[in-house]
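Q: Here's a sequence, model it:
(2 chains)
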Amino acid sequence: MRNVTVTLVAGIALLVVVGAVMLTRSPPRVLRVAARAETVLDHFAGDIAVCQGNEELPAGVSAIRLSTWAFLGFDVRVKLFRGTQVLAEGRRGADWTSDSVTVAVRPLAHAVSEVTLCFAIGPNTEPVIILGTPAPVREAAVLLQGSALTPANAGNEVLAGRVGVEYVAGGRGSWWSRTRSVAEHMGLGRSFSGTWIAFLIFALMFAVGALALRVTSRELP
Amino acid sequence: MRRLLPRLPAAAWMCALIALLNATAWSLITPPFEGKDEVDHFAYVEQLAETGALPSGSGRDDEYSPEESLVMEGIDYYGVRFVPHSPAISTAAEQRTLINDVNAGKSRIGTGGAGIATSEPPLYYALQTIPYELASGNMLTALQLMRLVGAVFGAMTALFTFLFLREILPRPPWAATVGALCVALQPLLAFMSGSVNPESMLYAVAAATLYCLARAFSRGLSGRLAVVLGLLIAIGFLTKLNFVGFALGVYAGLAALAVRDVRSGGRGALWRPALAAGTGMVPVALYALRNVLAGQAAFGIVSGIVDQLTKSFSNELSYVWELYLPRLPGMAHYFVGMATFKDVWFDRSVGLYGWMDTTFPAWVDNLAIVPAAILALLCGRELFARRHDLRPRLLELGVYAVTTLGVLVMIGATSYGSDVIVHEAAFGEPRYLLPLVPLLGAVVALAVRGAGRRWAPVAGAAVVVLFLGHDIFSQLQVIGRYYG
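A: Modelled structure (predicted):
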């Protein structure tokens, strides 16, 4: 019984510490929206590689968010070029789904213009939809030929516009500092509204935790 | 019923209460219509309540009722769904617009379809017309009340899991409590139970069915239990088409019980398994009769899946295998570059909420391998240590294995149809596995026992805290995604 109590207390203390530390982190913020996901540019059901030029890369970008839809998202590689020089690159495993994939890259200390953004999805055997903004042919994203992810491999086939891209960096305020605004936000979007909804959820989960611990400490020898 | 649920221990009710409160919290955390396919399931209930008719049509080009469409606009449904960085509505002005939309008095009758829910059986939706009517025309209130019905199903799932575990693992009794507590705290179950989806009812029916099967194996299939089991099978078929896969194991269980009863009591004992099997098949027979009379395929879209199975059996077998396990030599490549068992089933079991758009970072998925592996090893250790005790129960264990296989093959076959035949997406969502959640409880209970007599209570307490932490951090992840 004593061992169980010690385990429960230590476990809960650990959860509280981990939770408190996680809440000191900041949600990501978007530094620049290069193109929005307004329309479907193309569908694919195999490997794809795309480049689009005239990108502006802000300083401090730690991740690039691409507007691509997949139920089972496969490996994604991203490279940013200035001419033939690779400015940054990143990779994401086959662990994503939904309307966008965010790939971490190493931040640059300064902004760079006239950047070419290239990305590849593959090996891929599932449907992928590329989303973006309609654009004239000369500004549109280009499909690559060959295996190397470089603008030099650009083929003749262009997409119907520019792929939705957002440049993301670490946020400024921690989750702790946003507690109040998050609680207020949770009170919207229903037929009943108010911050009390956040408190109700907290109370429900407090009861869940307290009951679970009570049952455990009472039942276990 | 009293004989089946004789004076339940307080711990059973506590597990049910915990699951109820947990799912209620999830129902408030998840913004309206951000549960998976919730718009379609709501449309089904609306169609049934407003017109008294079942939905019809292909399910592809259906339009929601003007009122549902307006409310979806008010909550920026298409702007939030599938877009992980797009939060729920966040200003007082948007809230006012939403309330105006809800009270606009628009028609609640659509084109007669209910999207992907159109082909589903009606029982869950018929039950949900009660909270729908209670809401007196307020769509968002109706949705919340309907979610609470799901939370009750979540509580029933935890309750029947407790009973199932006490039946199959009676010693020590607290191991079953730990297993059922972990199920009550399982975040994906709570998320699904806190949204409008017939799967919440399917999980409860599946847990109750497993309990009845376990009881039949340990105490014999009485006439009363046969009737209850038959009714549960019938309810399962009337709840969601996915039950077909689960039913494979249930019928295997009835066959095993029939063989056992005939051996011990002669052919006269056959009537009880036959009664259960026959009662369970009644809705299927009526459904097939209706379709045949209407000149359609006898088993609706299930007929299509069976046709497809027989046409390309070897390809389909390879596909189903690779959907869960590494490809074997000689098999075609269906998921090149993806370790489905890890990237799809494990990682998404760690966290996949909302409209498939809320997950944990990859490092959390990788970290989760450690406790999962420890639980698996302890479970294996216990099974090995008790291998002599398992021998007399191999038949029963085989039935649970066939049930699991039935669910996996059902998901795989459906995914093959969507992915390979129609060239749409593969189905890779762990929520489809939740009818087997009592077996997860059994794995936890075995793992706790596997820690040995001295450390088992400590392991039990640790695993409860682990599941509680998983639940709370999952909720924080969803709160951060929608309200951050």
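Q: quick one: the helices in chain A?
A: For chain A, helices defined by DSSP state H occupy the ranges A:2-22, A:179-186, A:196-219.
Q: So which of those helices is nearest residue B:210?
A: helix A:196-219 (21.8 Å; CB to CB). In this view, the C-beta of every residue, glycine as well, is placed from N, C-alpha and C.
Q: Please export the C-alpha coordinates of that closest one as CSV.
A: The C-alpha trace of helix A:196-219 is given here as CSV (Å, rounded to 0.1, in the frame of the first residue of the first chain):
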residue,chain,number,x,y,z
TRP,A,196,-16.5,29.0,-17.4
ILE,A,197,-16.3,26.3,-20.1
ALA,A,198,-12.5,26.1,-19.6
PHE,A,199,-13.0,25.9,-15.8
LEU,A,200,-15.7,23.2,-16.3
ILE,A,201,-13.2,21.1,-18.3
PHE,A,202,-10.5,21.6,-15.7
ALA,A,203,-13.0,20.5,-13.0
LEU,A,204,-14.0,17.4,-15.0
MET,A,205,-10.4,16.4,-15.5
PHE,A,206,-9.5,17.1,-11.9
ALA,A,207,-12.4,14.8,-10.9
VAL,A,208,-11.1,12.2,-13.4
GLY,A,209,-7.6,12.3,-11.9
ALA,A,210,-8.8,12.3,-8.3
LEU,A,211,-11.2,9.3,-8.9
ALA,A,212,-8.5,7.4,-10.8
LEU,A,213,-6.0,7.8,-8.0
ARG,A,214,-8.6,7.1,-5.3
VAL,A,215,-9.6,3.8,-7.0
THR,A,216,-6.0,2.8,-7.5
SER,A,217,-4.9,3.5,-4.0
ARG,A,218,-8.0,1.8,-2.5
GLU,A,219,-7.9,-1.3,-4.7
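Q: What is it packed up against?
A: In terms of contacts (3 or more CB pairs under 8 Å, 6 or more residues apart in numbering or on different chains; DSSP states H and E), helix A:196-219 is packed against helix A:2-22, helix A:179-186, helix B:10-29, helix B:173-185, helix B:452-483.
Q: Checking residue B:330 next. Helix, strand or coil?
A: The three-state label given to residue B:330 by DSSP: H, G, I helix; E, B strand; the rest coil is coil.
Q: From residue B:261, how far off is residue B:394?
A: Counting by CB to CB, to the nearest Å, the gap between residue B:394 and residue B:261 amounts to 17 Å.
Q: higher neighbour count, these two?
A: residue B:261 (20 against 10; other CB atoms under 10 Å in any protein chain shown).
Q: Can you give me the pLDDT of that one?
A: We have a pLDDT of 88 for residue B:261.
Q: now do residue A:151
A: 88.
Q: what residues are up against it?
A: Contact analysis of residue A:151 by CB atoms under 8 Å, 6 or more residues apart in numbering or on different chains lists A:51, A:53, A:81, A:84, A:116, A:118.
Q: So which of the residues you listed sits lowest on pLDDT?
A: Within the contacts of residue A:151, lowest confidence goes to residue A:84 (89).
Q: got TSV for the helices of chain A, with mean pLDDT and distance to residue A:92 too?
A: Shown next, in TSV, are the helices of chain A (pLDDT from 0 to 100; distance: least, CB to CB, whole Å):
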stretch	mean pLDDT	distance to residue A:92
helix A:2-22	96	21
helix A:179-186	96	27
helix A:196-219	97	32
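Q: Could you check the ones you listed and tell me which one is nearest residue B:281?
A: Smallest distance to residue B:281 across the helices of chain A (CB to CB): 39.3 Å, for helix A:196-219.
Q: what about chain B, any weak spots by pLDDT?
A: For chain B, applying pLDDT under 70 flags the ranges B:1-6, B:58-62, B:300-301, B:304-306, B:308-310.
Q: by contact count, what packs against the helix or strand that contains residue B:366?
A: Using DSSP states H and E, residue B:366 sits in helix B:362-385. Helices and strands touching helix B:362-385, by 3+ CB pairs under 8 Å, 6+ apart, are helix B:347-350, helix B:437-450, helix B:452-483.
Q: Compare these and give me the one nearest chain A.
A: helix B:452-483 (3.1 Å; CB to the nearest CB).
Q: Relative to residue B:100, which of the helices and strands packed on helix A:196-219 is closest?
A: Evaluated over the helices and strands packed on helix A:196-219, closeness to residue B:100 peaks at helix A:179-186, with 19.9 Å, by CB to CB.
Q: What are the buried residues along the lowest-mean-pLDDT helix or strand in chain A?
A: Lowest mean confidence among the helices and strands of chain A (mean pLDDT, DSSP states H and E): strand A:154-158, at a mean of 87. Residues A:154, A:158 are the ones in strand A:154-158 that count as buried (16 or more other CB atoms under 10 Å in any protein chain shown).
Q: gap between the helix holding residue B:366 and the chain center?
A: How far helix B:362-385 lies from its chain's middle: 23 Å, per CA atoms, centre = their mean, to the nearest Å.
Q: Give me the contact list for whichever helix or strand comes after that helix.
A: Using DSSP H and E, the next helix or strand after helix B:362-385 towards the C-terminus is helix B:387-390. Here helix B:387-390 makes contact (CB under 8 Å, 6+ apart) with B:383, B:397.
Q: Give me the distance between the helix or strand following helix B:387-390 and the centre of its chain.
A: Sequence-wise, the next helix or strand downstream of helix B:387-390 (DSSP H and E) is helix B:394-416. Here helix B:394-416 is found 14 Å from its chain centre; the criterion is CA atoms, centre = their mean.
Q: domains for chain A, by residue range?
A: As recorded under automatic domain parsing, the domains making up chain A are A:2-25+A:173-219, A:29-169.
Q: wait, residue A:15 sits on residue B:467?
A: No - Residue A:15 lies out of contact with residue B:467 (CB atoms under 8 Å); the separation is 11.1 Å.
Q: more neighbours, these two?
A: Using other CB under 10 Å as the criterion, residue A:15 and residue B:467 rank with residue B:467 on top: 21 against 18.
Q: I figured that one was touching residue B:180, is that so?
A: No - counting by CB under 8 Å, residue B:467 stays clear of residue B:180, with 11.0 Å between them.
Q: Which of the helices and strands packed on helix B:362-385 sits closest to residue B:84?
A: Between residue B:84 and the helices and strands packed on helix B:362-385, the tightest spacing by CB to CB is seen for helix B:452-483, at 6.1 Å.
Q: Find the nearest non-adjacent residue to residue 89, please.
A: As the question left the chain open, I've gone with chain A. residue A:79 (4.5 Å; CB to CB, 6 or more residues apart in numbering or on different chains).
Q: wait, I meant chain B there
A: Nearest to residue B:89 is residue A:189, by CB to CB, 6+ apart, at 5.2 Å.
Q: just checking, what packs against the least confident helix or strand of chain A?
A: strand A:142-144.
Q: give me the number of residues near residue A:173?
A: Using other CB under 10 Å as the criterion, the residues surrounding residue A:173 number 11.
Q: got it, and residue B:455?
A: Count around residue B:455 with other CB under 10 Å applied: 15.
Q: what does residue A:39 give?
A: As a burial measure, residue A:39 scores 12 neighbours (other CB under 10 Å).
Q: From residue A:76, how far off is it?
A: From residue A:39 to residue A:76 the distance is 21 Å (CB to CB).
Q: rewinding a little: return the distance of the residue nearest to residue B:89 relative to residue B:30.
A: Distance from residue A:189 to residue B:30, by CB to CB: 10 Å.
Q: just residue B:8 next, same as before
A: 30 Å.
Q: winner for burial among the helices and strands packed on helix B:362-385?
A: Most buried of the helices and strands packed on helix B:362-385 by mean neighbour count (mean count of other CB atoms under 10 Å in any protein chain shown) is helix B:437-450; its value is a mean of 25.
Q: and residue A:115, what does it touch?
A: So residue A:115 contacts A:53, A:54, A:55, A:56, A:57, A:80, A:81, A:82, A:87 (CB under 8 Å, 6+ apart).
Q: residues in contact with the closest residue to residue B:374 other than its chain neighbours?
A: The spatial neighbour of residue B:374 that comes closest, neighbours along the chain excluded (CB to CB, 6+ apart), is residue B:447 at 7.7 Å. Applying CB under 8 Å, 6+ apart to residue B:447 gives the contacts B:374, B:375, B:376, B:378, B:379, B:382, B:459, B:463.
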